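**Student:** Requesting a structural model of the entry that follows:
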Amino acid sequence: MDERKATVLRAVVESFIDTAQPVGSRVISDRAGLDVSAATIRNDMASLEADGYLAQPHTSAGRIPTDAGYRYFVDSLGPGHLNDTEARQITAFFRHAQGQIEQRLADTSRLLSQLTAYAAVVVGPAHDTTTVRSAQLVDLGSGRLILVIVTSSGSIERSMIELESGEQVEPQHLAAASAAINEAFVGAPLDGVPAVQTTGDPEVDNLIATTLASLAPNSSHSGDLYVGGAANMAGQFDAVSTVKSVLAVLEEQLLVVGLLGDLVERGLSVAIGSETGVAPLSECAVVVAPYKVDGEQVGSIGVLGPTRMDYPKALAAVHVVSSRLGESLGEAHED
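**Tutor:** Numbers count the residues shown, from 1 in each chain. The predicted structure follows:
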């Protein structure tokens, strides 16, 4: 595509993103600053339509971008930037972020939705890639213990253990059982129950056996899904049926988790229309990025909006928030 046609296409996409109205040659001339006649611009638009980058919804109307037009536009984008207010908002959010990982991920989805005005999705760490960082038995009294596990992703898992005897546990027995469990669990996958070496002390070994018996292997391999700003979808599409279809997709956790995981695996940061592979999202675009903790990819984050999405802003917001989320979870490990 020659430079002038690329300029015309970029102007059509930017104008349509701003106004949601078909774009005519006069708008292109004013917006792109091209020193050519309106007839030349119309010819370029007709050529772009013939090549599949633009479409004409009505015979008397201007043009709108096709998925191919959006794809060309996205592929030609340079690094996006957030304004100072948005950057400060992100900095303040992560400076004060606290609580367990589940709360942080839910809050992060709401932050990303506020920044972009689209629906935001955050996929938590998959259990089959999460390992145990530490494990500790804590005596709650009255014959009850709790096993507290801190994972490699920063989440905290708790399991209640009821002792049949209901008796008080001797502190030295509790400490020995906790140490043996911790030694066996550290580095092991979260979705299994590792074997623990017996200590030779009947009281300690009985505590270990009771604890292990109360644990069930975690069969959920996909990460949990956190959705923020789903209500934003209502104002993004003209057809109520489209809004309902998109909201229905957002309620399908496995579908959304699989979609984001597939896009990350394919190395895509943006999927437009049919590129998502999900029929109800044919009028949508998804911007996605993985987030990493201590250099290890543990989850993904993204926004879902119409194909006439503000791609530069969405890409910048997803990139910055995913990076800061990973840093924040990594810092939580060290605390």
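**Student:** The stretch 51-200 of the chain: helices as residue ranges?
**Tutor:** For the stretch 51-200 of the chain, the helices defined by DSSP state H, counting those that start in this stretch cover 67-75, 84-96, 101-116, 171-185.
**Student:** mind listing what's buried in the first one?
**Tutor:** Translated: helix 67-75. 67-74 (16 or more other Cβ atoms under 10 Å). Glycine gets a C-beta too; all of them are placed from N, C-alpha and C.
**Student:** Show me the domain layout of this protein.
**Tutor:** Domain assignment of the chain by automatic domain parsing yields the ranges 3-75, 84-126+222-334, 129-213.
**Student:** Go through the ones you listed and pick out the most buried.
**Tutor:** Greatest average neighbour count among the domains of the chain goes to domain 84-126+222-334 (a mean of 19), per mean count of other Cβ atoms under 10 Å.
**Student:** could the helices of the stretch 51-200 of the chain be laid out in a markdown table, adding mean pLDDT and distance to A6?
**Tutor:** A markdown table is the format used below for these (pLDDT from 0 to 100; distance: least, Cβ to Cβ, whole Å):
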| stretch | mean pLDDT | distance to A6 |
| --- | --- | --- |
| helix 67-75 | 95 | 8 |
| helix 84-96 | 92 | 28 |
| helix 101-116 | 91 | 26 |
| helix 171-185 | 92 | 57 |
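**Student:** can you redo those as a markdown table with distance to C284?
**Tutor:** Listed next are those as a markdown table, based on distance: least, Cβ to Cβ, whole Å:
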| stretch | distance to C284 |
| --- | --- |
| helix 67-75 | 11 |
| helix 84-96 | 23 |
| helix 101-116 | 13 |
| helix 171-185 | 42 |
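**Student:** These: which one's closest to V257?
**Tutor:** Nearest to V257, of all the helices of the stretch 51-200 of the chain, is helix 101-116, at 12.6 Å by Cβ to Cβ.
**Student:** Could you list every helix and strand in contact with that closest one?
**Tutor:** helix 84-96, strand 119-123, strand 225-228, strand 296-306, helix 311-334 (3 or more Cβ pairs under 8 Å, 6 or more residues apart in numbering; DSSP states H and E).
**Student:** try 7 Å this time
**Tutor:** Packed against helix 101-116 by the contact rule (3 or more Cβ pairs under 7 Å, 6 or more residues apart in numbering; DSSP states H and E) you find strand 119-123, strand 225-228, strand 296-306, helix 311-334.
**Student:** Just tell me which of these ends up closest to V204.
**Tutor:** V204 lies closest to helix 311-334 among the helices and strands packed on helix 101-116, at 29.0 Å (Cβ to Cβ).
**Student:** what sits up against the closest one?
**Tutor:** 74, 77, 80-82, 90, 94, 97, 101, 104, 108, 111-112, 115-116, 118, 133, 153-154, 269-270, 287-294, 301-303, 305 (Cβ atoms under 7 Å, 6 or more residues apart in numbering).
**Student:** which strand residues sit across from the residue nearest the centre of the chain in the sheet?
**Tutor:** Among the residues of the chain, I301 comes closest to the average C-alpha position under Cα atoms, centre = their mean, at 1.7 Å. I301 has these beta-bridge partners by DSSP bridges: V122, A289.
**Student:** Kindly present the helices and strands packed on helix 101-116 as TSV, with separate columns for distance to A195.
**Tutor:** Listed next are the helices and strands packed on helix 101-116 as TSV, based on distance: least, Cβ to Cβ, whole Å:
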stretch	distance to A195
strand 119-123	31
strand 225-228	33
strand 296-306	25
helix 311-334	26
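**Student:** Those into TSV, with extra columns for distance to P194 and mean pLDDT?
**Tutor:** Formatted as TSV, those follow (distance: least, Cβ to Cβ, whole Å; pLDDT from 0 to 100):
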stretch	distance to P194	mean pLDDT
strand 119-123	26	92
strand 225-228	28	88
strand 296-306	20	90
helix 311-334	21	87
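**Student:** For T7, find the nearest of these.
**Tutor:** helix 311-334 (16.4 Å).
**Student:** In terms of distance to I181, which of the buried residues of helix 67-75 ranks first?
**Tutor:** Nearest to I181 out of those is V74 (Cβ to Cβ; 49.8 Å).
**Student:** The closest one contacts S269, doesn't it?
**Tutor:** No: contact criterion Cβ atoms under 7 Å: V74 and S269 do not qualify, at 8.6 Å.
**Student:** Give me the residues contacting the least confident helix or strand in the chain by mean pLDDT.
**Tutor:** Every helix and strand in the chain was compared by mean pLDDT, DSSP states H and E; the lowest is strand 156-162, with a mean of 80. The contact list for strand 156-162 (Cβ under 7 Å, 6+ apart) reads 100, 143-151, 210-211, 214-215.
**Student:** Neighbouring strands - and their directions - for that strand?
**Tutor:** strand 144-151 (antiparallel).
**Student:** who's in contact with V121?
**Tutor:** 109, 225, 227, 256, 260, 302, 304.
**Student:** Kindly recompute the last result at 8 Å.
**Tutor:** Shown in contact with V121 (Cβ atoms under 8 Å, 6 or more residues apart in numbering): 109, 225-228, 250, 256, 260, 301-304.
**Student:** Which of the three states applies to the nearest residue to M309 once chain neighbours are set aside?
**Tutor:** The spatially closest residue to M309, leaving aside those adjacent along the chain, is A285, at 4.8 Å (Cβ to Cβ, 6 or more residues apart in numbering). Under DSSP: H, G, I helix; E, B strand; the rest coil, the three-state class of A285 is strand.
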